[in-house]
Structure formats: structure tokens, C-alpha cells
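In: when you get a sec, could you give me coordinates for this:
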Amino acid sequence: MTTDSEPRVSGLEIRSIDYVPLNERHGKLWHLGPLWFMSNAQIATLAVGLISITEGGNLIWSLIAIVAGTLLGTFFMAFHSAQGPQLGLPQMIQSRPQFGYVGALLVWLFAYVQYAGFNVFNTILAGEALHTTVHGNTKMWVAVVTVIGFVIALVGYDVIHKAEQFLTYSFLVVFGIFTVGVLATLHYPAGSFDLGGFSWTPFLAQFGVVAGYQISWAIYVSDYSRYLPPDVTVRKTFYWTYFGSALGGVWLMTLGALLAAWAGKDFDTIRSINAAGDKVFSGFGAIVLLFATLGLISVTALNMYGGSLTLISAIDSLKKVQPTVGVRVLTIGLTAALSLVGAFAATSDFLTNFNNFLLLVLYLFIPWTAVNLMDYYVVRRGHYAIAEIFNPHGIYGRWGWHGIISYLVGFGVMVPFFSVGTLYVGPIAHAMDGADLSLFVGLPVAGLLYWWLSRSIDVSAEIRVAEAEAEELEKAAHEHREP
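Out: Predicted coordinates:
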């Protein structure tokens, strides 16, 4: 099996949470680079680069925090990406071996809230960008963007990959010119590049939000690598995901910090982009915003696609679901409808608190990513009985107490370190003037605790089960039925 064959696009994607058999594996490994680059290289990511500036940090240390946070956070999401080709499964269904057939609902609920939250923000930004450039009612444009995202998500995996490749090439031209213009024409406050202007609180706030934003992609990544053949290496899968996502993230977050430092208290994502673009030449700001809207539509489709997979996984844990096109249509439609209702109901307070939302995402997924990666790379070393993941009475059980306990303890020890703006500041964070170190506590505690609790797992026995079920798994998947 090789990666040289072209993707096969034939109508709507049929598969959802089910295993992808070897005879349907296709695509090229490098496709992960443009997909994850463009997923991050859209203007919603700008908001992630503002935190340090808005909290009084200077520009140079904001940029250093952005780079450092990206390098760390992307490390974890890229290792999740490498799971897809090896298991042939979407990301969140892989939580069952750690959390149990029913217990995985714990993390799926959080994941679904994340998809909805990001889509509300993305569609509002797209609506405002279209209102600014081609005019018309913002809510009407929000609805249009949602419908287009729904269609792309419904057609599925291959079309999403192709769209992101096209957008990547276009982005390099449009945002390349825009970035040069921002660097060449904008003026920044005195002391913006003074290394002596360091402050822990805004630096750690920026670092934490950036790392959290990158870690938040961890719940997506196997969704878009699971059709690749298993003979692609973990190392190369990691590299293409890591560098694509990190480059897109650093680029847009840096632009966010530069624009925020330039605009000061007058910063507004849409107006500031428009004004900065017009400094390159008159009307270029509108061109940047129109292209940025395409990026927002694409990431909206990603959220609907991933939200659908998560919703199907959750329903399947309560009542067995046969994955069909009809189920995909229903769950993608429901996800689109919920994000549309959220966007219509959102107030200015929602947009103001988007940074708090990013921090909450970080807190919720730090212990999950620690448990999942520890299980895959250290405890079970990539060996899973995939058919058992779909068996409510299988070897992984209904409740995976090792994973659940590790998650809850990991989350619990983070609470004193939380620093969520005006919402909550933990006692340790308060004693450190609001500096947030929760990431450095939750990751090792949850991961190491899971490793310690899982020492009794008989991985050799699980491998024997997997080998015994392998032939039936392939046959059943080919016939679109459960093994």
C-alpha cells in the first residue's frame, strides 16, 4: 500500500466513526501540511495573539510567548495526528480504550462544546467581514457561511483536503503581501521591542492561550489522517502536521500581536485588518477580508465535520448507531444549526470573552491529551483491538477508571493555578500576580498517574485479541457493517 494514489472523490463521504479498511486508504502524506497550515492560517487565530498586548505586555515578549507556546502546544497535537493512519479511526473514538465505552462521553461533551464555540466565533467574524466588504446584513452572511460550511463538511474528507490545498497557495500570495505591508507601513509604540520590558503575567497568559489553542486541535487531527495507509511513518506524519500547523499559527498570531500593538485600544479584528490592508494600497484591505472569509468557511466546515463525528460517537455510546450517509447528514445538520443559533444569540460579551473560552479549552483538554498520548505511545504502544472499541461489552469495558481518575485528578490539581481573566483566579495564580502555570502541572500529573494506574494492563493479551479479529474487522468494514 502506498501514498502515491490520488484521493478518490465519489459523492458524499459514507464513513464516519467506523474503521477505514486498508483497501480504502488513499492520499499523500504531504496533504497534511496544507490542511493544518490553512486550518490555523485564518483570522480567528489573530485573536489568540492579542492577550499579552491587551494585558500590558510589550510586543517583543508577546511574539516570544507566541512562538514558545506554539512550539509546545503543536507538539502534542501532531503526535495525535500520527495515530490516524495506524488505527484508521477518527480522533475522539480513540478515547474509549482509556475512558471506556460509556466513560468517553466525559471528554466528548467538552469536545462538542469546543466545536460549537469556535464555529460561533468563526461565523460571526466571517459575517462581519462580508458586511464590511460587500455589505448586507451580518446575520444573513452568517447564515450563508454556515450553509456553505455544511455542504463542504457533508461532502467530506477529500473535498476538505482539496479546499485547504487551494487556500494555502492563495494565502501565501494574499497574506504574504499583507504581512509585508504590516511590517513596512505600521508604527508601534515606544518600547515595543525592549527586551527589558518583561512581565511574567502577560507572558504566561499569552503562552498558555497559544499552547491551549494548539492543543485544542488535538481532538481533530486523526479525523484528517485516518484515510492514509498505515505504512506512512509516525515520524513523517508528525512532521507534516507539526510544521504545517505551527507555521500557520505563528504567522497569524504574530499578525494579531502586531495589529494590536499598532491599533492599541482601537483594535478591532475586522476594522484593523481593513485599515492595515488599505495602507498597502487602497482597497487591498477588502481583498484581504474577502479571502479571509474563505479561510473562515473552511475551518467552519472542519468544525462541523469533527462535531458530527463526536456527536455520532456520543450517541453510539448510549445506543448503537450504524454509520450511514443519513446519520452524517443529520449530525452535521444539527451541528450547523446549533452553531447558527449560537451565532445569532451571541452578544458583544461573547466576543470579549473569547480569550477566556480559549483558556477553558486548554484546561479541559490538557489532562485528556496527556492520558491519550501516554496510553498510545507508552502503555499500549499503538496496539489496539479496534473491533473491541465498538463493542460495549468488550475488553476496554464501559468505564475506563484508569483514564477517568487520571483525567479528574489532573484537572483537579490544575484548579489552584487557573487564571481566567475576571472569571476565576486560583489561589496559587493569585499569589503569582495572575501568572498561569496550570499547563505545567496538569500534563505531567495526568500522564504519569495514568501510566502508574495502567501497569496491570495485559497488552500482550490485547494484541492477541486484535490479531484474532483483524480479518473479520477488514471484511466487516468493507461491507459497511460492525465486526
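
In: C-alpha only now, for contacts and for neighbours.
Out: Noted.

In: point to the residue nearest the middle of this structure.
Out: When Cα atoms, centre = their mean is applied to the chain, the residue found nearest the centroid is residue 217 (2.0 Å).

In: nearest spatial neighbour of residue 414, chain-adjacent residues omitted?
Out: Nearest in space to residue 414, with sequence neighbours left out and distances taken as Cα to Cα, 6 or more residues apart in numbering, is residue 438 at 4.9 Å.

In: swap that for residue 152, sorry
Out: For residue 152, ignoring the flanking residues on the chain, the nearest one in space by Cα to Cα, 6+ apart is residue 301 at 6.0 Å.

In: so residue 453 sits right up against residue 402, yeah?
Out: Yes. With contact defined as Cα atoms under 8 Å, residue 453 counts as touching residue 402 (5.8 Å).

In: out of those two, which sits in the busier spot?
Out: Set side by side, residue 453 and residue 402 give different neighbour counts by other Cα atoms under 10 Å, the larger being at residue 402 (19 against 14).

In: still on that earlier bit, in this structure the residue nearest to the centre of the chain contacts residue 77, no?
Out: Yes. If you go by Cα under 8 Å, residue 217 and residue 77 touch, sitting 6.1 Å apart.

In: mind listing what residue 85 touches?
Out: For residue 85, the contact set (Cα atoms under 8 Å, 6 or more residues apart in numbering) comprises 222, 225-232.

In: give me that answer again for 6 Å
Out: With contacts taken as Cα atoms under 6 Å, 6 or more residues apart in numbering, residue 85 has the following neighbours: 225-226, 228-230.

In: confidence score at residue 348?
Out: In this prediction, residue 348 carries a pLDDT score of 65.

In: next one: residue 5
Out: At residue 5, pLDDT is 38.

In: helices of the stretch 51-200 of the chain, start to end?
Out: For the stretch 51-200 of the chain, the helices defined by DSSP state H, counting those that start in this stretch occupy 51-54, 59-81, 83-87, 96-99, 105-133, 138-155, 157-185, 200-216.

In: no, scratch that, I was asking about the stretch 201-350 of the chain
Out: With DSSP H, counting those that start in this stretch as the criterion, the stretch 201-350 of the chain has helices spanning 234-263, 269-278, 284-318, 325-345, 348-352.

In: to residue 117, which of the ones you listed lies closest?
Out: helix 325-345 (7.5 Å; Cα to Cα).

In: could you dump the closest one to CSV, C-alpha only?
Out: Taking only C-alpha atoms (Å, rounded to 0.1, in the frame of the first residue of the first chain), the coordinates of helix 325-345 have been written out as CSV:
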residue,chain,number,x,y,z
VAL,A,325,-24.9,8.9,5.0
GLY,A,326,-28.2,9.6,6.6
VAL,A,327,-26.5,9.7,10.1
ARG,A,328,-23.9,12.1,8.7
VAL,A,329,-26.4,14.4,7.2
LEU,A,330,-28.4,14.5,10.5
THR,A,331,-25.5,15.1,12.8
ILE,A,332,-23.7,17.7,10.5
GLY,A,333,-27.0,19.5,10.1
LEU,A,334,-27.6,19.5,13.8
THR,A,335,-24.1,20.8,14.5
ALA,A,336,-24.6,23.5,11.8
ALA,A,337,-27.9,24.5,13.3
LEU,A,338,-26.5,24.8,16.8
SER,A,339,-23.6,27.0,15.7
LEU,A,340,-26.0,29.2,13.7
VAL,A,341,-28.3,29.6,16.7
GLY,A,342,-25.3,30.4,18.9
ALA,A,343,-24.0,33.0,16.4
PHE,A,344,-27.4,34.7,16.2
ALA,A,345,-27.7,34.7,20.0
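
In: got the contact list for residue 212?
Out: So residue 212 contacts residue 362 (Cα under 6 Å, 6+ apart).

In: if we go to 10 Å?
Out: The neighbourhood of residue 212, defined by Cα atoms under 10 Å, 6 or more residues apart in numbering, consists of 48, 69-70, 72-74, 206, 218, 358-366, 439.

In: how close does residue 480 get to residue 14?
Out: Counting by Cα to Cα, to the nearest Å, the separation of residue 480 from residue 14 is 9 Å.

In: I'd like the helices of the stretch 51-200 of the chain as JSON lines, with mean pLDDT and distance to residue 289 appended.
Out: As requested, those are exported to JSON lines (pLDDT from 0 to 100; distance: least, Cα to Cα, whole Å):
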{"stretch": "helix 51-54", "mean pLDDT": "85", "distance to residue 289": "22"}
{"stretch": "helix 59-81", "mean pLDDT": "94", "distance to residue 289": "23"}
{"stretch": "helix 83-87", "mean pLDDT": "93", "distance to residue 289": "34"}
{"stretch": "helix 96-99", "mean pLDDT": "96", "distance to residue 289": "41"}
{"stretch": "helix 105-133", "mean pLDDT": "90", "distance to residue 289": "6"}
{"stretch": "helix 138-155", "mean pLDDT": "95", "distance to residue 289": "14"}
{"stretch": "helix 157-185", "mean pLDDT": "94", "distance to residue 289": "10"}
{"stretch": "helix 200-216", "mean pLDDT": "87", "distance to residue 289": "22"}
